[in-house]
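J.: kindly return the folded structure for what I paste below:
(4 chains)
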2 protein chains.
Amino acid sequence: MVNPLIRKLEHFARLTSGERQALERVVQTTRRLGPREDVIRDGDRPRHVNLILEGWACRYKQLEDGRRQVISIFLPGDLCDPHVFVLRKMDHSLGTLTPVLLAEIPEAAIREISAESRTLSEALWWEMLVTAAIQREWTVSLGQRLATERLGHLFCELFMRLKAVGLTSETSCEFPITQADLGDAMGLSTVHINRTLKELRAAGLIRLRGRQLTIPDFAALRAASLFDPAYLHHERDPSILHDD
Amino acid sequence: MVNPLIRKLEHFARLTSGERQALERVVQTTRRLGPREDVIRDGDRPRHVNLILEGWACRYKQLEDGRRQVISIFLPGDLCDPHVFVLRKMDHSLGTLTPVLLAEIPEAAIREISAESRTLSEALWWEMLVTAAIQREWTVSLGQRLATERLGHLFCELFMRLKAVGLTSETSCEFPITQADLGDAMGLSTVHINRTLKELRAAGLIRLRGRQLTIPDFAALRAASLFDPAYLHHERDPSILHDD
DNA sequence: CGAACGATGTAACCTTCGTGAATTCCGAAG
DNA sequence: CTTCGGAATTCACGAAGGTTACATCGTTCG
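T.: The predicted structure follows:
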């Protein structure tokens, strides 16, 4: 299995085999976690950069009274906070949603690869800026979109991000998270997530059974959700953009 | 008037006079805009880094059907996207909320100051990471907090950010934006913003008249809004943290 | 094979917030 | 001082989504 980070960055930059090897080398120590475990907790001092190799994880923040917001979802190939060391303490937690295999990358390794290659340095910048753009798009979703649009938009986003690391078939992908977690991510109650999924299913926009999501007509879901993939910044490799 | 960026960064790093001068020098060309003008539009190619010197601005995104989400608010001393050049096109717009004076900083100038001084480089990293943390906190607000909490939290945040650049008195600050803009930022209708402000006023948590916000008892507003300033990462200079 | 548990699905009712339409306030321009 | 226009305020009503409670489904584990 190829390091999914390489696969993702190759949509942005043409990597030499040396650069690819440099990226392989950052994966030294790995760590396996079960579902619903914390990788690092709010208030802890960050010790390394986490790279997701398998499984789904998330950032989340828990309020004093128990309310929980999932702030972002991490998929294979996602780097969690490549420059977090500047800050002393985490202001949120990182946790798994499913069983996860992650690489623990030391600060120095990140510095080295971006010092060695301008291409890699730019590619890491691209990765960070896209992460920020995704965060902004979630702000838009939570602020403006109705429940159906919000969920539809999330499905479009996750499908495209999974596609970028080769984890989709033509119209389907794994979708291993619970409705409760979806609710925490989209700022909706579990009950309403369920209602909304029912509606999207009834409209023929998605199929969701077990841990499998199918989007039979991406263009339709995209239109229904006002999804515009520009914020994922695949402008240098538009092959991945569905334009059906 | 001192460059407010310097003032802000000094809460994080002890700057030499040389470093302070380097930061002054990045302000070469400035630009004055009226209220409600666009600095740069969704889809445009970014040409420089914008530094707010006076006035309030915002990131926003407009959906096809007219809905508008203000994604972040920029105050004096805020840098808008110091490394935006890696991406070809803006995925959102930057606009003013009030009359604004901003500095247009060329890409090269940013590179230079972070190459010259490790301290400045780290300080710019800190600034970027705090911006990201603020974005995450907005996600939490939009996802989980009720209208009163959401507004109260925003008031706490903006007050502390203004304090960091010396734009507050003991309990007051300028608050020059309209209820409509507040609504677009917090994902609430203008009417509901108005209702909520009334409620916060009635509870004695804020006074808001004209363009002036007063927070008579910061600790009270903080408690009512579940505001925890940790995400602003003033851990190296806690003097600014209200702990009344 | 059955118990136990987590996840999903549904229903009834309630709360928060949005909509549309006036009305009032206030600061700037004449 | 008056006028004007944007901003603030208020009201009545309706829609979106939350809450509580319970039933069902499916896996895993004994």
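J.: would you map out the domains in chain A?
T.: As assigned by automatic domain parsing, chain A contains the domains A:4-126, A:146-240.
J.: can you tell me the closest non-neighbouring residue to the residue positioned nearest the centre of chain A?
T.: Centroid-nearest residue in chain A: residue A:74, 3.4 Å away (criterion: CA atoms, centre = their mean). Closest residue in space to residue A:74, ignoring its immediate chain neighbours: residue A:57 at 4.3 Å, by CB to CB, 6 or more residues apart in numbering or on different chains. Using the backbone N, CA and C atoms, a C-beta is placed for each residue, glycine as well.
J.: also residue A:51?
T.: Leaving aside its chain neighbours, residue A:51 sits nearest to residue A:103 (4.3 Å; criterion: CB to CB, 6+ apart).
J.: helix, strand or coil for that neighbour?
T.: strand (DSSP: H, G, I helix; E, B strand; the rest coil).
J.: who does it form a beta bridge with?
T.: residue A:30, residue A:51 (DSSP bridges).
J.: tell me where chain A has strands.
T.: Listed in chain order, the strands of chain A (DSSP state E) span A:29-33, A:38-40, A:49-54, A:57-62, A:68-74, A:79-80, A:93-96, A:100-105, A:172-174, A:207-209, A:212-214.
J.: ok, residues contacting the third one?
T.: Applying CB atoms under 8 Å, 6 or more residues apart in numbering or on different chains, the contact partners of strand A:49-54 are A:3-5, A:26-27, A:30, A:39-40, A:74-82, A:84, A:94, A:99-107, A:110.
J.: and what of the second one?
T.: Strand A:38-40 is touched from outside by A:33, A:46-47, A:50, A:57, A:80, A:90, A:93-96, A:100, A:102, with contacts defined as CB under 8 Å, 6+ apart.
J.: what's the answer for the shortest one, then?
T.: By CB under 8 Å, 6+ apart, the residues outside strand A:79-80 that reach it are A:5, A:39, A:49-52, A:57, A:59, A:74, A:94, A:124, A:127-128, A:131.
J.: returning to what we had before: hmm, residue A:59 and the residue nearest to the centre of chain A touching each other?
T.: Yes - using CB atoms under 8 Å, residue A:74 is in contact with residue A:59, at 7.5 Å.
J.: what's the overlap in contacts for the two?
T.: Common neighbours of residue A:74 and residue A:59 (CB under 8 Å, 6+ apart) are A:80, A:94.
J.: circling back to that earlier point, contacting residues for the residue nearest to residue A:51?
T.: Neighbour list for residue A:103: A:26-31, A:50-51, A:53 [criterion: CB under 8 Å, 6+ apart].
J.: again, 6 Å this time
T.: A:27, A:30, A:51, A:53 (CB atoms under 6 Å, 6 or more residues apart in numbering or on different chains).
J.: what's the most distant pair in the residues you listed?
T.: The distance between the two most remote of the contacts of residue A:103 (CB to CB) is 9.1 Å, for A:30 and A:51.
J.: more neighbours, the two?
T.: Neighbour count, other CB atoms under 10 Å in any protein chain shown: between residue A:30 and residue A:51, residue A:51 has more, with 25 against 12.
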